[in-house]
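In: Predicted structure and sequence below. I'll ask about it afterward.
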Amino acid sequence: MQAGNIRMFDLQGRTLGLFGTLDRETCLAASEAILRLGCVPSRRPLHLYLGCEGGEATEVFMLLDCLKARRGRLHTYAMGHVRGMGLLLLAEGDKRFALPHALVSTECLKQPQGLGFNGATSRPSADTGSMIYKHLAGRLGRSVTDSLAQVGTMTSDGALETGLVHRVITTQRSSHHRHQGKSAYSL
């Protein structure tokens, strides 16, 4: 199922992917899916894959509210290029991961006017940049947010070093599972 820039891979598997610009239609569809998943009791986390390039502040904050209102754990994954408002969604994860070739841009923390909104490169107010900084500082801690503000664009390894993500996902089989003959991949 596809609506705007959202692709719902597997609601039974509690997996959702957001790619492209986080416009109104995408955020509404994602919020609906998250609220729907929140009604189904599960011990499994919600997996949110992100390749987002900016978006509309009001709608993204609505999406963040839905993520906070649901029950259960949230695992977020950076893939492709995550920047601007997508950075907020990535930081919301209880466990945050990056795929090996992911890029994460934090220019929005250096220059609040650097975010793209409404699918364009229009300049939001400094208040929006301040809101993003405050949210990240509250979620990740001020020292991590300050170090992110100094970086700009980083690789998945850089995101790991700064503390933005907990782990970089590799596709190599773990030696533990290889010896047991299992086909699980390491996370």
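Out: Nice, thanks for sending it over. For clarity, every value in this text was computed on a predicted model and none was experimentally measured.
In: Select the helix or strand of this protein having the lowest average pLDDT value.
Out: Taking all helices and strands of the chain together, the one with the lowest average confidence (mean pLDDT, DSSP states H and E) is helix 175-180, at a mean of 41.
In: Quick one: list the elements packing against the longest strand along the chain.
Out: Longest strand in the chain by number of residues, with DSSP state E as the criterion: strand 46-55. Using 3 or more CB pairs under 8 Å, 6 or more residues apart in numbering; DSSP states H and E, the elements in contact with strand 46-55 are strand 15-22, helix 24-38, strand 74-78, strand 81-83, helix 85-91. The C-beta positions use only the backbone N, C-alpha and C, and glycine is treated the same way.
In: Check the ones you listed for me and report the most buried one.
Out: Of all the helices and strands packed on strand 46-55, helix 85-91 carries the top mean neighbour count, a mean of 25, counting by mean count of other CB atoms under 10 Å.
In: That one packs against which elements?
Out: For helix 85-91, the helices and strands in contact under the criterion 3+ CB pairs under 8 Å, 6+ apart are strand 15-22, strand 46-55, helix 57-69, strand 74-78, strand 103-105, helix 126-140.
In: what's next to it, contact-wise?
Out: 18, 22, 48, 50-57, 60, 63-64, 67, 76, 78, 82, 96, 104-106, 108, 115, 132, 135-136, 139-140, 164-165 (CB atoms under 8 Å, 6 or more residues apart in numbering).
In: mind running it again at 6 Å?
Out: For helix 85-91, contacts defined as CB atoms under 6 Å, 6 or more residues apart in numbering pick out 22, 50, 52, 54-55, 60, 76, 78, 82, 135-136, 139-140.
In: Give me the sheet partners of the next helix or strand after that helix and which way each runs.
Out: Moving toward the C-terminus from helix 85-91, the next helix or strand (DSSP states H and E) is strand 95-98. Pairing partners of strand 95-98, with direction, according to DSSP bridges: strand 74-78 (parallel), strand 167-168 (parallel).
In: helices or strands up against the one helix or strand residue 150 maps to?
Out: Applying DSSP H and E as the criterion places residue 150 in helix 142-151. Other elements packing on helix 142-151 under the criterion 3 or more CB pairs under 6 Å, 6 or more residues apart in numbering; DSSP states H and E are helix 107-110.
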